[in-house]
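In: Need coordinates for the below:
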Amino acid sequence: MADELDLLRAADPVPADGPHFGDGPLDHTAERRLNRLLHDPRTGRRTWSRPRLLWGLTAAAVVTATVLTVLLGGPSGTPAVAAPRPLTVRAHSVAVPLAQVVKLAAVAATDGSPALRQGTHVRSWSLAMSDDSPPVTLPEERLVRWRADGTHTEVVVATDPDRTGRPVLTDAGRVEDGHVLSRRTFPPMWGDAPPLSTPPHDPGRLRAYLTDLIHTGTGSLTTSELLDATEELLDNWTLGARESAALAELLADAQGLRPAGQVTDRLGRTGQAYVLDEGTGARRMLILAPATGAVLGLETTFTRDDPEYGVRAGDVMEYRAWMR
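Out: Model (predicted):
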C-alpha cells in the first residue's frame, strides 16, 4: 500500500508552497488506482463478487445526469439512453491464433516505428451501478498528452452515445463534437515505478512491469490480471511497435484467451477478437490489430442475468477503445 500511496502522491498536483497530499485534484489514472486500492486494499485488483464498475460511481451518476441533459436536451428524470450492443464476431470469419499475431507483430516492429509515446487517447463507456438506482451510462473520450518538462494535459469529453465510428477529439486536443467535462493541466511528474516509468519492450521485463503496475504481490499474472494490467498500461501509454509486439507475446502465453474471429470495433476498425470467460459472471473480449499486435479495445459483458441490478446475460458492462 505504501508504494501505491507514493504513486498517488506523485500524481497529485503540487502547490506552490510545497507538496501536500490531497490538496489538489488527482489525475484520471490516480483516481482509478485510488478507487482500485480502496476496493481491494489487499491486492489492489478488481474483484467481481457482483459485476459492477469499480471507479467513479457517485461522480459518474452526477456527471451523467448533467451530460445527458446537455447531449440529449432532456429534463431531469430517467435518461432514455440505450446501452451499446455487444461487439459481434463476423460469421464464418477466420480466427487468427495469437501465435501468428506474435510473428506478424515481430516483423512489423523491425524498424521500431511507430514509437512509444506517453499519454493516451481512449474512448470508453461504462455501466455504473448502485443498490438504490437504475444503471446509468457515461460515454466519454479522453486525451492525455505529456510535454518534455514533465507536465501533462487531460481533456475529457462526453460523447453522444448514439454517435459512433470516429473520434471527437483531435490529437491537438480540439473538440470536434461532444461536451467538455474537464480540461486540466498537471504539474511536472516523474517516477521510477509504473505507470510513470517507461514500459520496456522486452517480454520478460514487460511482464515484471505489468505485475508491478497492478501490485499483485506475486511473480506471475493470471490472464484476468494481465488484461487488467494491459488496460492500466494503455490508459497511460500509447505503445510503439516494439512494445505492442512484446505485449502480444505475453498474451499468447496466457491461459484461457481463445481466438474468436474478426470484429469491427466501435471506431470502425477491423480487428481480431480474443475472449476470456472469467467464471465470475463476466466475459472479456480483447481486440487486436492482427498485423501489428496493437491492442484496439477491450470489452466486458455479463454472462448471466442479475435481476437485482436489471442486467441480462450479454449486456455490456464496459468497453474501451484506444487510438494513436
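In: Using CSV, list the CA coordinates for stretch 216-230.
Out: This file holds the C-alpha atoms of stretch 216-230, laid out as CSV (Å, rounded to 0.1, in the frame of the first residue of the first chain):
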residue,chain,number,x,y,z
THR,A,216,-0.5,-8.4,-7.4
GLY,A,217,2.2,-9.2,-4.9
THR,A,218,3.1,-12.4,-6.9
GLY,A,219,5.6,-13.2,-9.5
SER,A,220,3.0,-14.2,-12.0
LEU,A,221,-0.1,-12.8,-13.6
THR,A,222,-3.4,-14.6,-14.2
THR,A,223,-4.9,-13.9,-17.6
SER,A,224,-7.5,-11.7,-15.9
GLU,A,225,-4.8,-9.7,-14.2
LEU,A,226,-2.9,-9.5,-17.4
LEU,A,227,-5.9,-7.8,-19.0
ASP,A,228,-6.3,-5.5,-16.0
ALA,A,229,-2.7,-4.5,-16.3
THR,A,230,-3.0,-4.1,-20.1
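In: please renumber so the chain begins at 33
Out: All right, first residue 33 from here; so that's stretch 248-262.
In: May I see the buried residues of that stretch?
Out: By neighbour count on 16 or more other C-beta atoms under 10 Å, the buried set for stretch 248-262 is 248, 253-262. Any C-beta I mention is one placed from the backbone N, CA and C, and that applies to glycine too.
In: Of these, just say which sits nearest to residue 115.
Out: residue 259 (21.3 Å; C-beta to C-beta).
In: before we move on, back to that, list the ones among the buried residues of stretch 248-262 that fall in helices.
Out: Under the assignment DSSP state H, these contribute 255-262 to helices.
In: Surely residue 156 and residue 355 touch.
Out: No. Counting by C-beta atoms under 8 Å, residue 156 stays clear of residue 355, with 11.6 Å between them.
In: Settle it for me: which of those two has more neighbours?
Out: residue 156 (21 against 17; other C-beta atoms under 10 Å).
In: and the more buried one, what does it touch?
Out: Taking C-beta atoms under 8 Å, 6 or more residues apart in numbering, we find residue 156 in contact with 171-174, 350-353.
In: Now, of the residues you listed, which are buried?
Out: Judged by 16+ other C-beta under 10 Å, buried ones among the contacts of residue 156: 171-174, 350-353.
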